[in-house]
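Engineer: take this sequence and fold it.
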Amino acid sequence: MDSDIYRNKFRLLSILVGAEDGAGGVTGTTELFGHSLRRREDVWLVIGAGVDEPTAVGGDVYGGAHGVHWLWSPVACHAESHCLAIFCGQLFIILPSMCRDEKINPLMAGQSRKWMILVATIWIQTFTGTNFDFSAYSSELKTVLGVSQVQLNYLATASDVGKMFGWSSGLALMYLPLWAVMFTAALMGFIGYGVQWLVMQKVIVLPYFVVFLLCLLAGCSICWFNTVCFILCIKNFPSNQPLALSLTVSFNGLSAAFYNLAAKSLNPSSTTLYLLLNALIPLLTSVAALFPILLQPPVDVLSSDAVQRDQFIFIALNLWAVVTGFYLLFLHYLNGATARLLFAGAIFLLVLPFGIPGVIYARDWFHRTIYSSFQLPSSGFILVDADDLELHKELLSQENNVDDSTVRIVSRQNTGTSEGCSYETVMKMDCLTVLGEDHKAPILLRRVDFWLYYLAYLCGGTIGLVYSNNLGQIAQSLGYYSMTSRLITTYSSFSFFGRLLSAAPDFIRTKLYFARTGWLAIALLPMPVAYFLLTVNSGEAAVHVGTALVGLTSGFIFAAAISVTSELFGPNSVGVNHNILITNIPIGSLVYGVLSAVVYDSHAEFGLGLMGDSLVCMGRKCYGLTFVLWGCISILGLASSLLLFLRTRPAYDRFEQKKRSTILYY
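Structural biologist: Have a look, this model is predicted:
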């Protein structure tokens with residue numbers, strides 16, 4: 001065989017099958033008669049000229065004759081499987097007829113446990129988004145405390161300010177195990193919401209500032225829970241991190257819908273019940289999630305087939321998630337015994353994912369043991385797989401390092417002539433030239449693209465969050481106080497769907513490629529439409545449609561933010577950079593909330609509306625001007641996202657072209 005062919009990098013594809021013995025694969029071998037051997041996950045890279053006689057290394061036999069070379073070896077990442085692979089040139093032939101007497105790989109037990117962890121993470125996210133039901137009890141809290149709308153807004157802001165202390169969870173992980181961090185978060189939420197419930201029940205009386213601190217503590221607990229969930233997804237799904245994160249984070253948007261259904265099933269007339277549920281359910285969920293977390297499997301390197309099987313499971317889980325979202329959206333309005341049945345059905349839907357991975361594994365086992373026994377021996381022809389971008393990046397790193405460095409230097413010294421940055425002055429300033437380049441905090445804060453991204457988030461997702469905090473007063477002022485819980489469920493459900501949609505680019509990128517910043521700009525389109533619709537029409541249908549559009553947009557932005565931050569400013573610094581990004585949430589919550597509260601209180605004073613010791617505004621005038629201002633602000637966010645897309649599109653295009661050229665090369 002020509003040595004030129006051997007100089008190419010080959011990817012040996014494998015089939016996961018059982019065997020009678022447990023012989024191990026080649027380990028620690030770096031050279032074999034002129035072959036340079038390197039292992040990366042399930043990949044063996046063979047560089048050099050071939051050998052013409054069989055050679056045994058570590059229990060594996062290599063041989064070749066007349067230019068056709070063969071390999072009989074256990075698959076590197078599965079110690080109990082082997083198969084005969086013949087490769088000639090760049091065509092690899094797998095002989096399934098050589099693979100007999102299959103049995104289930106013991107690693108499948110560990111693979112099953114990781115799906116238990118994913119389900120536990122979904123539970124945690126579902127029941128710890130407790131800040132989204134604030135509007136369900138905010139009106140009564142305002143009455144009990146006897147505060148103005150501005151002061152009530154400060155309490156909503158306190159929960160968002162608590163998220164600024166999310167970095168403390170990372171510090172805690174340096175000294176505490178993961179389960180201890182989870183229970184610490186549950187304890188913070190138990191104190192924060194539990195004491196507020198006592199205040200609402202008038203068991204105790206606390207000054208306003210102490211209630212503010214309790215809201216801050218409750219907000220901090222949410223960040224600690226999120227950190228636990230991120231760690232679980234990243235550790236147990238290294239090959240499918242975006243899919244795991246987007247799926248689990250999506251369920252945080254369903255929290256308000258679940259709590260609404262739970263409250264209706266227990267006592268539909270009590271709004272203080274939300275605070276009690278916020279205190280107890282996350283603690284009970286932590287107890288339920290403890291067992292899977294303590295039994296985390298070791299991190300195993302997956303073959304390409306295993307990664308693809310996991311992706312298939314994620315597709316099934318996303319379909320199940322859509323069913324769950326529609327279930328809560330259309331069946332939330334019933335009360336009493338029917339609500340209890342519906343809540344039991346919702347809990348069943350949360351337990352159901354335990355069975356989905358089992359069905360997939362059973363299907364694979366059936367295909368290998370039963371179905372294959374009725375097949376005639378035959379050969380399967382498999383070409384080099386094209387889905388492992390990380391492998392391609394590693395293979396080309398030495399060849400492209402010089403080119404990439406040159407591109408960066410030239411771009412930084414002469415951005416006026418670099419691609420994508422030359423047609424306008426604004427496009428010349430500090431343009432990103434490559435994706436994934438790590439930015440430390442000082443460099444990040446000097447990036448024009450970061451501030452465009454910051455502004456898009458501030459004027460998009462954050463303003464949607466403030467809208468949800470004001471839903472109680474919006475419904476009350478328009479005369480729809482009895483349908484507050486329905487509006488909360490509408491916002492929660494569509495926020496959930498928006499979060500699920502944020503994963504769409506990862507599923508369809510092989511069919512339709514579009515820069516993620518472009519998807520971000522598209523997601524921001526419904527926001528100004530929603531606010532201007534609410535300005536001109538205060539009907540019940542218009543309020544529901546506007547609430548749904550705001551929830552859809554904000555949910556997409558919340559879920560997509562981590563991926564966008566990682567792509568634009570580097571994966572290694574994503575933790576710090578994302579914490580810097582979300583400082584816009586408390587800032588926006590304060591500014592937008594005070595803006596709406598000032599308008600609300602001014603009309604309440606003019607109308608002299610009273611409820612207890614607090615002022616209440618009634619009519620479209622209470623939020624009419626606020627909706628106009630929020631709509632204009634969201635247009636600014638849309639413009640920022642469009643500009644960010646235009647500036648980063650060349651970097652995304654180069655990344656995609658490089659990926660495709662790498663695939664063609666291999």
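Engineer: may I have the beta-bridge partners of residue 615?
Structural biologist: Here residue 615 shows beta-bridge partners residue 610, assigned using DSSP bridges.
Engineer: neighbouring contacts of stretch 503-515?
Structural biologist: When contacts are defined by C-beta atoms under 8 Å, 6 or more residues apart in numbering, stretch 503-515 is touched by residues 242-243, 246-247, 250, 315, 318, 516, 519, 559, 645, 648-649, 652-653, 656. Heads up, the C-betas are built off the backbone N, CA and C, glycines and all.
Engineer: now that stretch - C-alpha only, PDB.
Structural biologist: What follows is stretch 503-515, C-alpha atoms only, in PDB (Å, rounded to 0.1, in the frame of the first residue of the first chain):
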ATOM      1  CA  ALA A 503     -31.300  23.500  21.100                       C
ATOM      2  CA  ALA A 504     -32.700  23.400  17.600                       C
ATOM      3  CA  PRO A 505     -29.500  24.800  16.000                       C
ATOM      4  CA  ASP A 506     -27.600  21.800  17.400                       C
ATOM      5  CA  PHE A 507     -30.000  19.300  16.000                       C
ATOM      6  CA  ILE A 508     -30.300  20.800  12.500                       C
ATOM      7  CA  ARG A 509     -26.800  22.200  11.900                       C
ATOM      8  CA  THR A 510     -26.000  19.400   9.400                       C
ATOM      9  CA  LYS A 511     -29.100  20.300   7.400                       C
ATOM     10  CA  LEU A 512     -29.200  24.100   7.900                       C
ATOM     11  CA  TYR A 513     -26.300  26.000   9.200                       C
ATOM     12  CA  PHE A 514     -26.800  29.500  10.700                       C
ATOM     13  CA  ALA A 515     -24.700  31.500  13.100                       C
END
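Engineer: mind listing what's buried in that stretch?
Structural biologist: Applying a neighbour-count criterion of 16 or more other C-beta atoms under 10 Å, the buried positions in stretch 503-515 are 503, 505, 506, 515.
Engineer: state the pLDDT value of residue 196.
Structural biologist: Each residue has a pLDDT score; the one for residue 196 is 94.
Engineer: that one: neighbour count?
Structural biologist: Here the number of neighbours of residue 196 (other C-beta atoms under 10 Å) works out to 27.
Engineer: one more: residue 315?
Structural biologist: A count of nearby residues for residue 315, using other C-beta under 10 Å, gives 12.
Engineer: please identify which helix or strand holds it.
Structural biologist: Counting by DSSP states H and E, the secondary-structure element that holds residue 315 is helix 304-330.
Engineer: can you name the next helix or strand after that helix?
Structural biologist: With elements assigned by DSSP H and E, the helix or strand that comes after helix 304-330 is helix 336-351.
Engineer: orientation of that next one relative to helix 304-330 in degrees?
Structural biologist: 170 degrees (axes from the mean of the first three to the mean of the last three C-alpha atoms, to 10 degrees).
Engineer: where does the stretch 301-450 of the chain dip in pLDDT?
Structural biologist: Low-confidence segments of the stretch 301-450 of the chain (pLDDT under 70): 301-307, 332-336, 355-431.
Engineer: list the contacts of residue 327.
Structural biologist: Contacts of residue 327 were listed using C-beta under 8 Å, 6+ apart, and they are 345, 346, 349.
Engineer: ok, the second one touching residue 260?
Structural biologist: Read it as residue 346. No - under the criterion of C-beta atoms under 8 Å, residue 346 makes no contact with residue 260, lying 10.6 Å away.
Engineer: which of those two has more neighbours?
Structural biologist: residue 260 (27 against 21).
Engineer: secondary structure class of the more buried one, three-state.
Structural biologist: Secondary structure, DSSP: H, G, I helix; E, B strand; the rest coil: residue 260 is helix.
Engineer: what about the residue nearest to residue 601 when sequence neighbours are not counted, how many neighbours?
Structural biologist: In space, residue 601 comes closest to residue 149 once its chain neighbours are excluded; the distance is 5.0 Å by C-beta to C-beta, 6 or more residues apart in numbering. The number of residues packed near residue 149 is 25, by other C-beta under 10 Å.
Engineer: again with the one 3 residues further on
Structural biologist: Close neighbours of residue 152, defined as other C-beta under 10 Å, add up to 25.
Engineer: let me know the helix or strand that it is in.
Structural biologist: Residue 152 is located in helix 149-162, with elements delineated by DSSP H and E.
Engineer: buried residues in the next helix or strand after that helix?
Structural biologist: Downstream of helix 149-162, the next assigned helix or strand under DSSP H and E is helix 167-173. Within helix 167-173, the residues scored as buried using 16+ other C-beta under 10 Å are 169, 170, 172, 173.
Engineer: re the thing from before, wait, which of the buried residues of stretch 503-515 is closest to residue 443?
Structural biologist: When the buried residues of stretch 503-515 are compared for distance to residue 443 (C-beta to C-beta), residue 515 comes out closest, at 21.8 Å.
Engineer: returning to that earlier point: quick check: pLDDT value at the residue nearest to residue 601.
Structural biologist: pLDDT, residue 149: 83.
Engineer: returning to what we had before: go through the contacts of residue 327 and say which is closest to residue 627.
Structural biologist: Using C-beta to C-beta, residue 346 comes nearest to residue 627 of the contacts of residue 327, at 32.4 Å.
Engineer: related to what we said a few turns ago, so which of the contacts of stretch 503-515 sit within helices?
Structural biologist: 242-243, 246-247, 250, 315, 318, 516, 519, 559, 645, 648-649, 652-653, 656 (DSSP state H).
Engineer: hmm, who's touching stretch 257-272?
Structural biologist: The contact list for stretch 257-272, computed with C-beta under 8 Å, 6+ apart, reads 126-127, 130, 133, 136-137, 139-140, 197, 200-201, 273-274, 277-278, 281, 328-329, 332, 334-336, 339-340, 342-343, 346, 485, 488-489, 492-493, 496.
Engineer: filter those residues down to just the buried residues.
Structural biologist: Buried positions within those, assessed by neighbour count (16+ other C-beta under 10 Å), are 126-127, 130, 133, 136-137, 139-140, 197, 200, 273-274, 277-278, 281, 328-329, 332, 339-340, 342-343, 346, 485, 488-489, 492-493, 496.
Engineer: so which of these are in helices?
Structural biologist: Going by DSSP H, the helices hold 126-127, 136-137, 139-140, 197, 200, 273-274, 277-278, 281, 328-329, 339-340, 342-343, 346, 485, 488-489, 492-493, 496 from the buried ones among the contacts of stretch 257-272.
Engineer: related to what we said a few turns ago, hmm, the residue nearest to residue 601 is touching residue 603, no?
Structural biologist: No - in this structure, residue 149 is not within contact of residue 603 by C-beta under 8 Å, at 10.0 Å.
Engineer: need the overlap of contacts for these two.
Structural biologist: Counting by C-beta under 8 Å, 6+ apart, the common neighbours of residue 149 and residue 603 are residue 617.
Engineer: low-confidence ranges, this structure, go.
Structural biologist: With pLDDT under 70 as the threshold, the chain has low-confidence stretches at 1-112, 297-307, 332-336, 355-431, 509-510, 605-614, 659-666.
Engineer: what's the domain layout of this structure?
Structural biologist: The chain breaks down into these structural domains: 106-239+261-298, 426-653 (assignment by automatic domain parsing).
Engineer: quick one, which of these gets closest to residue 353.
Structural biologist: When the domains of the chain are ranked by distance to residue 353, counting by C-beta to C-beta, first place goes to domain 106-239+261-298 at 4.9 Å.
Engineer: which one of the ones in helices among the contacts of stretch 503-515 is nearest residue 157?
Structural biologist: After measuring these against residue 157 - C-beta to C-beta - the closest member comes out as residue 559, at 22.6 Å.
Engineer: many thanks, we can stop here.
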